[in-house]
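Trainee: Below are the sequence and a predicted model; questions follow.
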Amino acid sequence: MIEHAVRFPCFGGTCSVHAGGEGAAAAVAGARAQLLAWHDRFTRFDPRSELSRLNADPRGRVPASRELVLLAAAVADAGRRTRGLVDGALEAAGYTQDLRRPVPLPLALRLAPARRPAAGREPGPWREIAADVGAGVVIRPPGVALDSGGLAKGLFADLLAERLAGAPSVAVECAGDVRLGGTAGLPRPVPVADPFGGAPLHTLELTAGGVATSGIGRRSWLDGAGRIAHHLLDPSTGRPAFTGIVQATAVAPTALEAEIRAKAALLSGPESAAAWLPDGGVLVFDDGTLDVLPSRGRLAAWGETTVAA
């Protein structure tokens, strides 16, 4: 079987689409075009984007595209299931433009405050967000802004992979969030990157499902007060979270589910992180050591996030 693939910059990182079988070349090209279009529609850095227009809309009920309604639903669901720890209504402090000069991770850790687990906001803005998929409406109080972030990457990987599901082999990566599938059930390696810049630390092998990595290795900077900052925030303080974990990779049934788990694991800190990874994953700590976690067979207890294409 010949597999067609394309790799390109998107969503602040690198995206790729792989598919095999008849018609795969056209399907891969179409998936690339779709991801680039979603990037433009859901960026926070362009006031003309669909996401920015939603956030600026003075109405409480705003008609929106299916993808934006699904994103709002994912934000509300992630907040509920993590008790506000994963809060997609919290924009990254000081993260108002694409980063050009990131601070290297070793220096960021030396400048970081004392380590502590993050905590959710109860109540938080996520409680005020709702989505009516059938009506195509996002419901939230004016002024509550959605931050697409990692949840959008996981959602879009799932949507595209499900569109391609009839192909023998499928892999969609959206800047670190991966969804695998295909009718042939072929195993595919998924390397886990080293946040300190070395060779891959571990390789996962899956035939289907989602993998997501959340970390502070690529996006750290100095804020206006000269303090070290990054894009993963402690919802209870609104400040960057330094928990003792610099990167978490999660395995889950979908990329969106994996994204929620990876963020929750990193933010909760070393003592509680493993509880968020029932289907396995990899944790990387401040000192560069790692913990590879196998599946514990708890999928039914955790629940499964599904996305309808």
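Mentor: It's in.
Trainee: in the sheet, who's paired with the closest residue in space to residue 64 that isn't next to it in sequence?
Mentor: In space, and not counting its chain neighbours, residue 64 is closest to residue 138: 4.8 Å by CB to CB, 6 or more residues apart in numbering. Every residue, glycine included, has its C-beta placed from N, CA and C. On the basis of DSSP bridges, residue 138 is bridged to residue 62, residue 131.
Trainee: doesn't residue 62 make contact with residue 138?
Mentor: Yes - using CB atoms under 8 Å, residue 138 is in contact with residue 62, at 5.0 Å.
Trainee: list residues touching both of those two?
Mentor: Counting by CB atoms under 8 Å, 6 or more residues apart in numbering, the residues touching both residue 138 and residue 62 are residue 54.
Trainee: and these two? which has more neighbours close in?
Mentor: Each of residue 138 and residue 62 has its neighbours counted (other CB atoms under 10 Å); residue 138 has more, 27 against 20.
Trainee: for the chain, which helix is longest?
Mentor: Determined from DSSP state H, the single longest helix within the chain is helix 24-42.
Trainee: helices and strands around it, which ones?
Mentor: strand 3-10, strand 13-20, helix 50-56, helix 66-81, helix 149-163 (3 or more CB pairs under 8 Å, 6 or more residues apart in numbering; DSSP states H and E).
Trainee: If we use 10 Å, what do you get?
Mentor: Using 3 or more CB pairs under 10 Å, 6 or more residues apart in numbering; DSSP states H and E as the contact test, the elements touching helix 24-42 are strand 3-10, strand 13-20, helix 50-56, helix 66-81, helix 149-163, strand 170-174.
Trainee: returning to what we had before: how close does the residue nearest to residue 64 sit to residue 295?
Mentor: 35 Å (CB to CB, to the nearest Å).
Trainee: Please apply the same query to residue 68.
Mentor: 33 Å.
Trainee: more neighbours, those two?
Mentor: Higher neighbour count among residue 68 and residue 295: residue 68, with 24 against 12, using other CB under 10 Å.
Trainee: Now do the contacts for the closest residue to the more buried one other than its chain neighbours.
Mentor: Once flanking residues are discounted, residue 68 sits nearest to residue 50: 5.9 Å by CB to CB, 6+ apart. Applying CB atoms under 10 Å, 6 or more residues apart in numbering, we find residue 50 in contact with 38, 40-43, 64-65, 67-68, 148.
Trainee: and if you look at residue 8?
Mentor: Here residue 8 is in contact with 14-17, 32, 35-36 (CB under 10 Å, 6+ apart).
Trainee: how about JSON lines for those, with distance to residue 164 and neighbour count added?
Mentor: Putting these into JSON lines (distance: CB to CB, whole Å; neighbours: other CB atoms under 10 Å) gives the following:
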{"residue": "14", "distance to residue 164": "19", "neighbour count": "13"}
{"residue": "15", "distance to residue 164": "14", "neighbour count": "26"}
{"residue": "16", "distance to residue 164": "13", "neighbour count": "19"}
{"residue": "17", "distance to residue 164": "8", "neighbour count": "27"}
{"residue": "32", "distance to residue 164": "12", "neighbour count": "18"}
{"residue": "35", "distance to residue 164": "12", "neighbour count": "25"}
{"residue": "36", "distance to residue 164": "17", "neighbour count": "15"}
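Trainee: Between the residues you listed, which sits nearest residue 243?
Mentor: residue 14 (26.1 Å; CB to CB).
Trainee: I'd say that closest one and residue 177 touch.
Mentor: No - using CB atoms under 10 Å, residue 14 is not in contact with residue 177; the gap is 11.5 Å.
Trainee: Need the overlap of contacts for these two.
Mentor: Residues touching both residue 14 and residue 177 (CB under 10 Å, 6+ apart): none.
Trainee: ok, back up a step: between the helices and strands packed on helix 24-42, which one is closest to residue 237.
Mentor: helix 66-81 (16.5 Å).
Trainee: what's the average pLDDT for the closest one?
Mentor: In this model, helix 66-81 has a mean pLDDT of 94.
Trainee: Using CSV, write down the CA coordinates of it.
Mentor: Taking C-alpha atoms only, helix 66-81 is exported to CSV below (Å, rounded to 0.1, in the frame of the first residue of the first chain):
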residue,chain,number,x,y,z
ARG,A,66,-20.1,23.9,13.5
GLU,A,67,-16.4,23.8,14.4
LEU,A,68,-16.6,26.8,16.7
VAL,A,69,-19.7,25.4,18.4
LEU,A,70,-17.9,22.1,18.9
LEU,A,71,-14.9,24.0,20.3
ALA,A,72,-17.1,25.9,22.8
ALA,A,73,-18.6,22.5,23.8
ALA,A,74,-15.1,21.1,24.3
VAL,A,75,-14.1,24.1,26.5
ALA,A,76,-17.1,23.6,28.7
ASP,A,77,-16.6,19.9,28.9
ALA,A,78,-12.9,20.2,29.8
GLY,A,79,-13.6,22.6,32.5
ARG,A,80,-16.3,20.5,34.0
ARG,A,81,-14.4,17.2,33.9
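Trainee: Please consider this matter closed, and thank you.
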